[in-house]
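1. need a structure here:
(chains A, B, C and D)
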Protein chains: 4
Amino acid sequence: MSGSVYGNIFKVSTWGESHGRGLGVVIDGCPAGISLSSEDIQKDMDRRKPGSGKYATKRNEADKVEILSGVFEGKTTGTPISLAIFNEDQRSRDYSAICDIFRPGHADFGFESKYGFRDYRGGGRSSGRETSARVAAGAVAKKLLSEIDVEINAFTVAVNDIVIDEENFDFQERLNNQFYMPDKKAAEKAAVLLDEAMANKDSVGGIIQCEVTGLKPGIGEPVFDKLDACLAKAVMSIGAVKGIEFGAGFGAAKMYGSDNNDNFYMSDGKVKKYTNNSGGVLGGMSDGDKLVFRAAFKPTPSIAQSQITVNNKGEDVTVEISGRHDPIIVPRAVVVVEAMTAVTIADLVLMDMCARIENVKKLYGKV
Amino acid sequence: MSGSVYGNIFKVSTWGESHGRGLGVVIDGCPAGISLSSEDIQKDMDRRKPGSGKYATKRNEADKVEILSGVFEGKTTGTPISLAIFNEDQRSRDYSAICDIFRPGHADFGFESKYGFRDYRGGGRSSGRETSARVAAGAVAKKLLSEIDVEINAFTVAVNDIVIDEENFDFQERLNNQFYMPDKKAAEKAAVLLDEAMANKDSVGGIIQCEVTGLKPGIGEPVFDKLDACLAKAVMSIGAVKGIEFGAGFGAAKMYGSDNNDNFYMSDGKVKKYTNNSGGVLGGMSDGDKLVFRAAFKPTPSIAQSQITVNNKGEDVTVEISGRHDPIIVPRAVVVVEAMTAVTIADLVLMDMCARIENVKKLYGKV
Amino acid sequence: MSGSVYGNIFKVSTWGESHGRGLGVVIDGCPAGISLSSEDIQKDMDRRKPGSGKYATKRNEADKVEILSGVFEGKTTGTPISLAIFNEDQRSRDYSAICDIFRPGHADFGFESKYGFRDYRGGGRSSGRETSARVAAGAVAKKLLSEIDVEINAFTVAVNDIVIDEENFDFQERLNNQFYMPDKKAAEKAAVLLDEAMANKDSVGGIIQCEVTGLKPGIGEPVFDKLDACLAKAVMSIGAVKGIEFGAGFGAAKMYGSDNNDNFYMSDGKVKKYTNNSGGVLGGMSDGDKLVFRAAFKPTPSIAQSQITVNNKGEDVTVEISGRHDPIIVPRAVVVVEAMTAVTIADLVLMDMCARIENVKKLYGKV
Amino acid sequence: MSGSVYGNIFKVSTWGESHGRGLGVVIDGCPAGISLSSEDIQKDMDRRKPGSGKYATKRNEADKVEILSGVFEGKTTGTPISLAIFNEDQRSRDYSAICDIFRPGHADFGFESKYGFRDYRGGGRSSGRETSARVAAGAVAKKLLSEIDVEINAFTVAVNDIVIDEENFDFQERLNNQFYMPDKKAAEKAAVLLDEAMANKDSVGGIIQCEVTGLKPGIGEPVFDKLDACLAKAVMSIGAVKGIEFGAGFGAAKMYGSDNNDNFYMSDGKVKKYTNNSGGVLGGMSDGDKLVFRAAFKPTPSIAQSQITVNNKGEDVTVEISGRHDPIIVPRAVVVVEAMTAVTIADLVLMDMCARIENVKKLYGKV
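-> Residues are numbered from 1 along each chain as shown, chains lettered A, B, ... in the order given. Sure thing, here's the model as predicted:
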């Protein structure tokens, strides 16, 4: 319970540090009978992989995923699915410059306070590389959800103060630029801003929006395990996320009830809403509408500028963080947000199966 | 696992509907030896209680809490603490006007979709009254935390577009006005705005800020059970919350790394930060600074205006929600935010005890 | 996590001490739509109730159960079901004789070692009365299981060295005698033995057998949450149980593989076994046969004889335990064994629903 | 939640099938600062390894364990410890003889009933090989426990009807014979019996006893997570175990209270018991005495004799199971019993740290 196990029925257990033998995840509770190949997973791994763009670190991480168990003749067997990403390059580097320093904006001080010491190589367990195991688990969850036509898509809506324009919105465009922005012009402006930041040895933050379609109404458990509450935890657990909001979000705080309430109406025998201020979730359960949330990412804490800080001997020092670091985390985090969303919703979908005795009886042929 | 159990070590299990026999909570895993009386709990119950102000519903809910187990001779025994708030007034009312209608902005549609039917009396399990059990559990968690000098305070920072002014900030003032705002002038403006909204049979939202002091660095578990991730779930699980942010929050997305990073320095042998953009949490662990987060509440969905909606027969209808409802949820939610924060942090504090073998050995007298 | 929460999906959380306000249980995760009345539960409560026979304590415990939440218009709603058994008689008694003494065979020393002090009134949380909440939860689980025709029956197979004779086996007879033995002659011998033990101010133990019919093959989760493993925990968690065995049990250790293996054969298109040494469980999953296990109960530790022991001041003392105590726990424990079995199997049945993607798709109308 | 995750704080998640890429375990929640090397673990792996004796299968399983994460500079870091045992020999074999047959005494029928199909290679997830991951996790738990001087030892007390004789008891002897029996003569008789069974293409069962010393009183959580209840689940979850008993066990059912109660007395300022019928556990908590339990193992179900059974087409067939199989599981299971005991007790020891507020305050320097 050091916090690396997640989920109730669809349960993932991740492991690995930045510079050890590798990273991985064990998924316990994935239903049997889902087609699954390493290609299904690799597709998402490649979206997270560094080095693919100008604004991403050039480190050589192949991020090749291997299925170690739980799949037989191309299908999940119902037993634990073990996925691993082994590090190919384990050269020992020189960490003497930062091994005893608490980097500003990083988890170093927390780790040392909590455990008494830390694996300082490349950030250890708090490295961004930790998210590769999440992406692998997310790819499996997406396969599960695709069986019931649930689809998840995230994209970048803001890079620093450059926000996408609804008028220029082009969903396919997100795949054409390095920022995963569905707005070509915004992406171009972001590129200029990033170039400037990099010249200043600085970094920038941004906002990711995630949308889920195909969710039937009623997914999410009332009270503590609400759909939005679970997703909030899932997404806030990604390093660098500082906030999350659903539907109208913080804007809802400034609305009147008569505007914020989404009125229901019937359409083709289905319950629909005229607006979606709810973001697709009411009372912690999906309302049949598109699920929409946004997560705010802080700028990458690793910057090359000289920074004031302290070391673990209690001395004031300065530090320059060398090496290549992403000047913005957001584009690579898009698939991580999707992954945590997929894992969370897969779990809640399974949980929801047990909500009615009618469901039990259906599966037992009693109704 | 219908979602009403929360926590790992300090585990709370709530029950109850708006109009049944009552509501309550069972706390399993509270350490033995903590002084606890019903007065300790009632104090917080009274802060949530309706009817105490102009902008709160006038319903007669005594919210008197009783300790049914787990306390002996004034101290917790280590066994489950059962707390109940029995309903005094169980008159059956006439719900025929709304029993088959899905109220806009409410959980009605979700409940009926999930379970096939619902307890429509007063909102059933999704009533705001459900939070009374959370407040009771939170009061116990606060007692635990007070033993190690951790203190939690929440207050209102915005009512609709009226935001408190840092210059007028007066912490004690929050207790003097009906909005729990630490700014007298803002509270006065909010009163005007509320009067107008009520005249329009409308409701308003707002923002609550919560601050925690006294947390030692290292609380929170890396990866999934991060301090901020757990709090995000805890607070988002309160009905009507649409967003949460820590420290610089959504603003961090617009900052450069060089500004957002909080530089460390030594002061009296302690590690301090010049700024607190982190909101007291780095890498999912407390950084020794004040923990700060904000939660956005939507306006009360129950409004007296006539609204378009549908019923469970699939017909388009209109509804006027009668009865007295809070035109703003925020002031009564302040203590609920504190409660969920307390329960979450108590759990993480206990979990953190097991982080080092040195701790185990200390308690066994081996070091 | 002081150990009073049990189950994964069908999750029960019990509370209460022998001499406090009462005892109870909150069930989270019971599917919606099951008919449930307090009579359904009271029926089993009455089977556990003391005072109904010569070999049961005469204490006046009405054990009247009340449903406080989770049921609406006669059906479970899917929200937590809170059940309480309030103590009618809360007169304070004189516990000065035992309040600082560690009674032999009791949990007193453990409680005081663990928590530093204990609620010594009537055994506190370790009183046999604690099982009343289990029986209440079990009655709800039985209702769930009855919807898929799973039936649970326990009975006494041994009182001290008096064992039922297969030749005299009469299932209905168990309801006619005070020992719940399905063998009239054995029950008569047991009565003689009990009379003698009571005359000697002594107590006796015995063995309960539990049988479950109607379980489809495949219930139970491989590896740690095996059907038999979960039941072993469930039943061993009942105070006074010292052992459990399934099918051939300890006898299997003396068998050869060729005898112990149950050969399969086809009968009317169904897979059957010629023998049932497995006790209905193979590889941790039900095998479609009758589930059979036996649990050994030690003699009641509370006896009126003078006993050597120590007190919490570290002094050697003697103690005579006054008051009426069951000279044998077994007959009243029969329904407790059924209850723990029901709660465990209900949980595993719900868990099993998520074993195949085919099940998910069936409920979503995709196959 | 397919049942391959175990524990609350010290949480293990195992994966792997008999004939896939390998097997492994992720341990989340192991405290930081424990010395740990792969040698520490390999020692126990070698005790489980097949091929080391006449009565063990000759299959070539190297069972070499690798630490993939969670250890830095020779110490646990507090982050997940990933351990893997990769299969060296993955030649595909011919399983056509058994791939559609339900072997008697095996999990085949259960797996196919539950999941619709199964990985039939070498028993898949229900292979005895699955226990290698348990042994690896157990070795880590033992290291943790050794820091507080808790020691675990298991040995064989019976092979079929050959039971060790208390008079010949020689603890060291268990390491000298192939049965792990602490009685040389009994081991010699067992060898004769085994030779005969093997000649008959048959298999035998036996009983393992496990003892734990150094446990302070109070370990184990009242009600559901009792020390003995948790151990019962842990040990019953090992394939082939059909029963478990603590202390006097099933024998207690035949004792009178006056004999079964262990009288307490003071000795050198410590609370001691004259006898140990309790097996070191009272009311679900350790009582300071030696913890003692026994587990019954059925004979190996894989035998070379021709057996009657059915296949997954619903046809009556006969099967001869070829290949080398242990004619007795017991000797190799000794270290598995120790492992499950270690993992369970490590978890309960960590949980017990949170039992008192005094403990919290001690670690926070408040008392």
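2. show me what contacts residue A:286?
-> When contacts are counted by CB atoms under 8 Å, 6 or more residues apart in numbering or on different chains, residue A:286 touches A:215-220, A:227, A:280, B:110. For every residue, glycine as well, the C-beta is placed using N, CA and C.
3. Which strands and helices lie in contact with the strand or helix carrying residue A:351?
-> Following DSSP states H and E, the helix or strand that holds residue A:351 is helix A:330-352. Applying 3 or more CB pairs under 8 Å, 6 or more residues apart in numbering or on different chains; DSSP states H and E, one finds that helix A:330-352 contacts helix A:38-48, helix A:131-146, strand A:151-159, strand A:206-213, helix A:227-236, strand A:291-297.
4. Only alpha carbons, please: show the fifth one as PDB.
-> Output for helix A:227-236, consisting of C-alpha atoms alone and laid out as PDB, is shown next (Å, rounded to 0.1, in the frame of the first residue of the first chain):
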ATOM      1  CA  LEU A 227     -17.400   8.800 -11.700                       C
ATOM      2  CA  ASP A 228     -16.000  12.300 -11.500                       C
ATOM      3  CA  ALA A 229     -14.400  11.700  -8.100                       C
ATOM      4  CA  CYS A 230     -12.600   8.600  -9.300                       C
ATOM      5  CA  LEU A 231     -11.400  10.300 -12.500                       C
ATOM      6  CA  ALA A 232     -10.200  13.300 -10.400                       C
ATOM      7  CA  LYS A 233      -8.000  11.000  -8.400                       C
ATOM      8  CA  ALA A 234      -6.900   9.100 -11.500                       C
ATOM      9  CA  VAL A 235      -5.800  12.200 -13.400                       C
ATOM     10  CA  MET A 236      -4.500  14.200 -10.400                       C
END
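5. other SSEs contacting that helix?
-> Secondary-structure packing of helix A:227-236 (3+ CB pairs under 8 Å, 6+ apart): strand A:241-246, strand A:291-297, helix A:330-352, helix B:227-236.
6. As a markdown table, the ones you listed with mean neighbour count would be great.
-> Listed next are the helices and strands packed on helix A:227-236 as a markdown table, based on neighbours: other CB atoms under 10 Å in any protein chain shown:
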| stretch | mean neighbour count |
| --- | --- |
| strand A:241-246 | 29 |
| strand A:291-297 | 26 |
| helix A:330-352 | 27 |
| helix B:227-236 | 29 |
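7. Tabulate those in CSV, adding columns for distance to residue B:185.
-> Shown next, in CSV, are the helices and strands packed on helix A:227-236 (distance: least, CB to CB, whole Å):
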stretch, distance to residue B:185
strand A:241-246, 27
strand A:291-297, 30
helix A:330-352, 39
helix B:227-236, 27
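8. what's the distance between residue A:103 and chain C?
-> To chain C, residue A:103 is 35 Å away according to CB to the nearest CB, to the nearest Å.
9. again, but for residue A:198
-> Distance check for residue A:198 against chain C: by CB to the nearest CB, it reads 46 Å.
10. Doesn't that residue lie inside a strand?
-> No: counting by DSSP: H, G, I helix; E, B strand; the rest coil, residue A:198 is located in no strand; its state is helix.
11. thinking it is in contact with residue A:327, fair?
-> Yes: between residue A:198 and residue A:327 there is a contact at 5.1 Å, judged by CB atoms under 8 Å.
12. of the two, who's got more company?
-> A direct count of neighbours by other CB atoms under 10 Å in any protein chain shown for residue A:198 and residue A:327 places residue A:327 higher, at 25 against 16.
13. what helix or strand does that one sit in?
-> Assigned by DSSP H and E, residue A:327 falls within no helix or strand.
14. Now do the contacts for it.
-> Counting by CB under 8 Å, 6+ apart, residue A:327 touches A:55, A:194, A:197-198, A:202-204, A:300.
15. Out of those, which sit inside helices?
-> A:194, A:197-198 (DSSP state H).
16. if we can go back for a sec, which among the contacts of residue A:327 end up buried?
-> A:55, A:194, A:197-198, A:202-204, A:300 (16 or more other CB atoms under 10 Å in any protein chain shown).
17. and of the residues you listed, the nearest to chain D?
-> residue A:300 (22.1 Å; CB to the nearest CB).
18. Now the closest one: closest residue in space, sequence neighbours ignored.
-> Nearest non-adjacent residue to residue A:300, counting by CB to CB, 6 or more residues apart in numbering or on different chains: residue A:203, 3.8 Å away.
19. And the pLDDT for the one you found?
-> Here the pLDDT value assigned to residue A:203 is 97.
20. and it, what is it in contact with?
-> Residue A:203 is in contact with A:197, A:299-303, A:325-328, B:256-258, counting by CB under 8 Å, 6+ apart.
21. Let me know how buried residue A:311 is, in neighbour terms.
-> 18.
22. Identify those among the contacts of residue A:286 that sit within helices.
-> Mapping those onto helices (DSSP H) picks out A:227, B:110.
23. Which among the contacts of residue A:286 count as buried?
-> A:215-220, A:227, A:280, B:110.
24. can you list the residues you listed in CSV and add pLDDT?
-> What follows is the buried ones among the contacts of residue A:286, written out as CSV (pLDDT from 0 to 100):
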residue, pLDDT
A:215, 98
A:216, 97
A:217, 98
A:218, 98
A:219, 98
A:220, 98
A:227, 98
A:280, 98
B:110, 96
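25. Looking at these, which is nearest residue C:127?
-> residue A:220 (39.1 Å; CB to CB).
26. What residues does the nearest residue to the closest one once chain neighbours are set aside make contact with?
-> Leaving aside its chain neighbours, residue A:220 sits nearest to residue A:227 (2.8 Å; criterion: CB to CB, 6+ apart). Neighbour list for residue A:227: A:219-220, A:281, A:284-286, A:291, A:345, A:348 [criterion: CB under 8 Å, 6+ apart].
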